[in-house]
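Engineer: structure for the following, please:
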Amino acid sequence: MVEYPEPVREKLDAAKASLGDHVRVSGERTYEGVVMPHTEFSGPDILVLKLDTGYNVGIPTAEISAIELLKRTNASVPTRVLPPPKAGKPLAAILGTGGTIASYVDYRTGAVHPAVTAEDLVFSVPEILEACNVRARMIYSVFSENLTAKEWQELAVEAARELNGGADAVIIPHGTDTLHFTSAALAFMLRGLTGPVILVGSQRSSDRPSSDAAFNLLCAARLAAEDLGEVVSCLHHETGDTACAILRGTKIRKMHASRRDAFKAINERPLGLVHADGRVTWSAPTEPRGKGSTVAEIGMDPDVALVTFHPGLTARRFEAQTHDAHGIVIAGTGLGHVSDELVPPIRKAVRDGRAVVMTTQCLNGRVGLRVYDKGRDLLAAGVIPGEDMLPEVALVKLMWVLGHTKDPDEIRELMMTNLAGEINPTITMDEYVF
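Structural biologist: Take a look at the predicted model:
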């Protein structure tokens, strides 16, 4: 929790009101609710109230004419201490990174507190402790859209350290907007996994009645005992609290901006489900736990461009987007096509020693560069077929490959080799899976 800035503090002091108190705020509109804590993500002039409906409202101080104290509550943020481990339960290491999921509700006051420690994050869903023993720590607290390869590398090192230090699983609460980028990065960097690395997020924060945070975290905790040696996500399978889908880290895409079941498997089925009653059922083959040590191969070259082709994209603009990139991923149309105008600059990029990978913006299905003349022209220009990889997965993979080799033949071989389930050879050009 962070103290309210002066503009809000003055308004609250005038009413002798504080955190957890029930107040009436008058101004352009009148609101009644509980004073919520300020966080580092709140605006400096915003007072946050929890309304009786269960939702929060942010009120600019400029719109507040008066605050009236209706009921005082001596609210305090409790100290959170994890209990000692219990015999017979798997050990899950929870590595906090921030995001919507990183908050918990004080059910006595109705206030939502930011999870400034990993213990706070665990106690946002105390039922986790019934499923597994827990050790927890914060790695960083960053909005997911601000993450870079540097944070992916740090997270991979810490995940490997936890698994090699006795954890049966690693759970990573993460912002949903770029969760699928991080899951792909970890899938390529972590080799010989001795347990699952599970990314989990929430579309709706813990203060909302429709929050998916608790259910997703609990489902992830129930995966800790499974014989799984992969990077996966564990998120709502449908809008109701019936099950969470287990999705391979290199085969997922956020397909909706706000639905609780936003994440879907692309070009393969979900690996399995974690049901509301605690059962885990599997529907596809998975990698078992490794027997040795988990290794973090964190070499990454972040200077890779992702270009989405569209009608009217000129050679000049393509070159402007890619001129200093060490590698290029193109999301082409259909089977992996671009306009005639782009073939010469693509050919030049390859001649200059830069890897160019073609994917399809259709998402489902795979590229087929031998079907039409345009595809054959691209192959002749040196383009690497991206098979059925999602464009963002190909982007992350090329970063990882270029972080380990600059040899053109090795780059091509690695990009066309299935390293972490990113290429599904059973999905044909004519087959797509929703």
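
Engineer: show me how this structure divides into domains.
Structural biologist: The chain breaks down into these domains under automatic domain parsing: 6-71, 91-296, 304-415.

Engineer: against which helices or strands is the lengthiest helix in the chain packed?
Structural biologist: Determined from DSSP state H, the single longest helix within the chain is helix 149-164. Here helix 149-164 touches strand 91-96, strand 169-173, helix 179-189, strand 190-191, strand 295-296, going by 3 or more Cβ pairs under 8 Å, 6 or more residues apart in numbering; DSSP states H and E. (Each C-beta comes from the backbone N, C-alpha and C, glycine too.)

Engineer: deepest-packed of these, please.
Structural biologist: Ranked by average neighbour count under the criterion mean count of other Cβ atoms under 10 Å, the helices and strands packed on helix 149-164 are headed by strand 169-173 at a mean of 28.

Engineer: what segments of the stretch 301-434 of the chain are helices?
Structural biologist: Using DSSP state H, counting those that start in this stretch, the helices of the stretch 301-434 of the chain run over residues 315-322, 343-351, 373-380, 391-402, 408-415.

Engineer: closest one to Arg137 among these?
Structural biologist: helix 391-402 (25.0 Å; Cβ to Cβ).

Engineer: ok, how many other residues are close to the spatially closest residue to Arg289 that is not a sequence neighbour?
Structural biologist: Sequence neighbours aside, Gly229 is the residue nearest to Arg289 in space, at 4.4 Å (criterion: Cβ to Cβ, 6 or more residues apart in numbering). Close neighbours of Gly229, defined as other Cβ atoms under 10 Å, add up to 20.

Engineer: for Gly229, grab phi and psi.
Structural biologist: Taking degrees, to the nearest 10, you get phi -120, psi 50 for the backbone angles of Gly229.

Engineer: what's around Ala221, how many residues?
Structural biologist: 28.

Engineer: Gly20 and Val81, how far apart?
Structural biologist: Relative to Val81, Gly20 is positioned 22 Å away (Cβ to Cβ, to the nearest Å).

Engineer: which of those two has more residues huddled nearby?
Structural biologist: Taking Gly20 and Val81 together and counting by other Cβ under 10 Å, Gly20 has the greater number of neighbours (22 against 8).

Engineer: now do the more buried one, the pLDDT please.
Structural biologist: With respect to pLDDT, Gly20 scores 84.

Engineer: ok, now how distant is it from Leu69?
Structural biologist: Gly20 is 12 Å from Leu69, by Cβ to Cβ.

Engineer: equivalent analysis for Leu129, please.
Structural biologist: 37 Å.

Engineer: do the same with Leu271
Structural biologist: Going from Leu271 to Leu69 by Cβ to Cβ gives 53 Å.

Engineer: out of the two, which sits in the busier spot?
Structural biologist: Taking neighbours as other Cβ under 10 Å, Leu271 and Leu69 compare with Leu271 leading, 21 against 15.

Engineer: quick one on the thing from earlier: touching, the residue nearest to Arg289 and Gly249? I think so.
Structural biologist: No: Gly229 lies out of contact with Gly249 (Cβ atoms under 8 Å); the separation is 12.0 Å.

Engineer: just to revisit the earlier point, contacting residues for the residue nearest to Arg289?
Structural biologist: 192-196, 286-290 (Cβ atoms under 8 Å, 6 or more residues apart in numbering).

Engineer: and these, which is closest to Gly386?
Structural biologist: Gly386 lies nearest to Glu287 out of the contacts of Gly229, by Cβ to Cβ, at 22.3 Å.

Engineer: tally of neighbours for that closest one?
Structural biologist: 16.

Engineer: again with the one 5 residues further on
Structural biologist: As a burial measure, the neighbour count of Gly292 was computed by other Cβ under 10 Å and equals 9.

Engineer: go through the protein and flag its longest strand.
Structural biologist: strand 64-71 (DSSP state E).

Engineer: packing partners for that strand?
Structural biologist: Judged by 3+ Cβ pairs under 8 Å, 6+ apart, the packing partners of strand 64-71 are helix 6-14, strand 22-27.

Engineer: any idea of the mean pLDDT in the longest one?
Structural biologist: Confidence for helix 6-14, expressed as mean pLDDT, is 90.

Engineer: please begin residue numbering at 58 from this point
Structural biologist: Noted, 58 is the first residue going forward, which turns the last one into helix 63-71.

Engineer: helices or strands up against it?
Structural biologist: Judged by 3+ Cβ pairs under 8 Å, 6+ apart, helix 63-71 is in contact with strand 103-108, strand 121-128.

Engineer: may I have it as PDB, with CA atoms only?
Structural biologist: C-alpha atoms of helix 63-71 as PDB (Å, rounded to 0.1, in the frame of the first residue of the first chain):
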ATOM      1  CA  GLU A  63      -1.500  15.400  -1.100                       C
ATOM      2  CA  PRO A  64      -4.400  16.400  -3.300                       C
ATOM      3  CA  VAL A  65      -6.500  13.300  -2.100                       C
ATOM      4  CA  ARG A  66      -5.000  13.400   1.400                       C
ATOM      5  CA  GLU A  67      -6.300  16.900   2.000                       C
ATOM      6  CA  LYS A  68      -9.800  16.000   1.100                       C
ATOM      7  CA  LEU A  69      -9.800  12.900   3.400                       C
ATOM      8  CA  ASP A  70      -8.200  14.800   6.300                       C
ATOM      9  CA  ALA A  71     -10.900  17.500   6.100                       C
END
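
Engineer: what residues does it touch?
Structural biologist: So helix 63-71 is contacted by 60-61, 75, 92, 95, 101-104, 118, 121, 124 (Cβ under 8 Å, 6+ apart).

Engineer: list the buried residues in that helix.
Structural biologist: Buried residues in helix 63-71, counted by 16 or more other Cβ atoms under 10 Å: 64-65, 68-69.

Engineer: quick check: the farthest pair among these?
Structural biologist: Greatest spatial distance among those (Cβ to Cβ): Pro64 and Leu69, at 10.2 Å.

Engineer: got a list of what the most centrally placed residue in the chain touches?
Structural biologist: With distances taken as Cα atoms, centre = their mean, Leu236 lies nearest the centre of the chain, 1.5 Å away. The contact partners of Leu236, taken as Cβ under 8 Å, 6+ apart, are 201, 256, 258, 290, 309, 311, 320.

Engineer: dump the residues you listed to a markdown table, plus secondary structure.
Structural biologist: Shown next, in a markdown table, are those (DSSP: H, G, I helix; E, B strand; the rest coil):
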| residue | secondary structure |
| --- | --- |
| Ser201 | helix |
| Leu256 | strand |
| Gly258 | coil |
| Ser290 | strand |
| Ile309 | strand |
| Lys311 | strand |
| Phe320 | strand |
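
Engineer: any figure for the gap between Glu344 and Gly249?
Structural biologist: With Cβ to Cβ as the criterion, Glu344 and Gly249 are 10 Å apart.
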